[in-house]
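In: Kindly return the folded structure for what I paste below:
(one chain, ligands or ions: 1)
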Amino acid sequence: MSRPFLKMNGLGNDFIVVDARDTAFAPAPEQVRAWGDRASGIGFDQLIAIEGSASGDAFMRVWNSDGGTVETCGNALRCVGWYLNPKAAEKTLKIDTLGGATKAIVIRADEKTGTVAVDMGKPRLDWREIPLSEEMDTLRLELKVGPYDAPLYHTPCAVSMGNPHVVFFVDDVSKVDVAATGSLIENHPLFPEGVNVEFAQVIDRQTIRMRVWERGAGITQSCGTGACATLVATARRGLTDRTATVIMDGGPLHIAWAENDHVIMTGPVEVEFEGTL
Ligand SMILES: N[C@@H](CCC[C@H](N)C(=O)O)C(=O)O
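Out: So this is what the prediction gives:
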């Protein structure tokens, strides 16, 4: 059966979005990998299915381009919020994910590129919630990369935004070999479910430059949950305020860690084209 899809992106992190509210959609991992291949398939970072939900407006299912199903995706939540509510100027939707329920507020800015704010819920900071394979202080993980006596990257912060993140603090993010280091850390035994890897350079108390290696997808132009995890990590370490702009290769996201402990992510959505799988 052919399935219509919408190609969308949030700051260059791109998705195929399938509306599965009426007809079930359950592709095999090898099929997802074939579609996701940028050389021979359609090409995307994540495949997204919008399903019905008894407890919210919709359920969002996420596959990485390697075919694995994962808990959530921040940039895709903005896209799904936009898709479900493209006309209204401002409306709150509840979108369930495997990573926990989130609320998306859609604020329409223009026909093609608009802004969506998403309440991403509370960050999880206990080592069991990341999860880590052994007890450790998530504010300063005992983890080093590089030569034993002069590690290039060390003592990162771990944060779960429904999915696992590890944030390294660096002086100059342009000098980081994101692919080499990210792929090494993604499968480190400290992270039994793998991990998304962020490299963060604090510019000032309201501005962070960040690059990301995503679990199951590699280098992406931006990562919504990664931007949230980065802000939480820099604020916990006292390096930034609780509100900051996180500038990624694909552009900036505005992140606020509110007093009620919820993280609010605000940024654009772009609709690229329609197609059929
Ligand atoms: N691009 C996403 C995150 C997608 C899932 C991630 N690769 C994982 O495996 O957890 C985002 O915008 O948050």
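In: Around the ligand, pick out the residues from the stretch 151-277 of the chain.
Out: Selection of the stretch 151-277 of the chain residues close to the ligand by CB under 6 Å from any ligand atom yields 163, 196, 214, 215, 216, 217, 220, 223, 224, 225, 226. For glycine as for every other residue, the C-beta is placed from the backbone atoms N, C-alpha and C.
In: all helices of the stretch 1-150 of the chain, in order?
Out: Ranges of helices within the stretch 1-150 of the chain are 29-36, 74-84, based on DSSP state H, counting those that start in this stretch.
In: so can I have TSV of those showing mean neighbour count?
Out: Below are the helices of the stretch 1-150 of the chain laid out as TSV (neighbours: other CB atoms under 10 Å):
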stretch	mean neighbour count
helix 29-36	17
helix 74-84	28
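In: re earlier: the residues of the stretch 151-277 of the chain next to the ligand: which two are farthest apart?
Out: Spatially, the most separated pair among those is 216 and 224, at 15.2 Å (CB to CB).
In: So the two - more neighbours on which side?
Out: When neighbours are counted by other CB atoms under 10 Å, residue 216 and residue 224 differ, and residue 224 comes out ahead with 27 against 19.
In: pretty sure that one contacts residue 80?
Out: No - the pair residue 224 / residue 80 is not scored as a contact, 11.5 Å apart, by CB atoms under 8 Å.
In: quick one: contacts for the closest residue to residue 74 other than its chain neighbours?
Out: In this structure, residue 74 finds its nearest non-sequential neighbour in residue 224, 2.0 Å apart by CB to CB, 6 or more residues apart in numbering. By CB atoms under 8 Å, 6 or more residues apart in numbering, the contact set of residue 224 is 10, 13, 73-78, 118, 120, 253, 265, 267.
In: Now with 7 Å, please.
Out: Applying CB atoms under 7 Å, 6 or more residues apart in numbering, we find residue 224 in contact with 10, 73, 74, 75, 77, 78, 253, 265.
In: Generate a markdown table for these, with distance to residue 154 and pLDDT as supplementary columns.
Out: As requested, the contacts of residue 224 are exported to a markdown table (distance: CB to CB, whole Å; pLDDT from 0 to 100):
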| residue | distance to residue 154 | pLDDT |
| --- | --- | --- |
| 10 | 31 | 97 |
| 73 | 28 | 97 |
| 74 | 26 | 97 |
| 75 | 29 | 97 |
| 77 | 32 | 95 |
| 78 | 33 | 94 |
| 253 | 26 | 97 |
| 265 | 28 | 95 |
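In: Dump those residues to CSV, plus distance to residue 167.
Out: Formatted as CSV, the contacts of residue 224 follow (distance: CB to CB, whole Å):
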residue, distance to residue 167
10, 20
73, 18
74, 15
75, 17
77, 20
78, 21
253, 15
265, 16
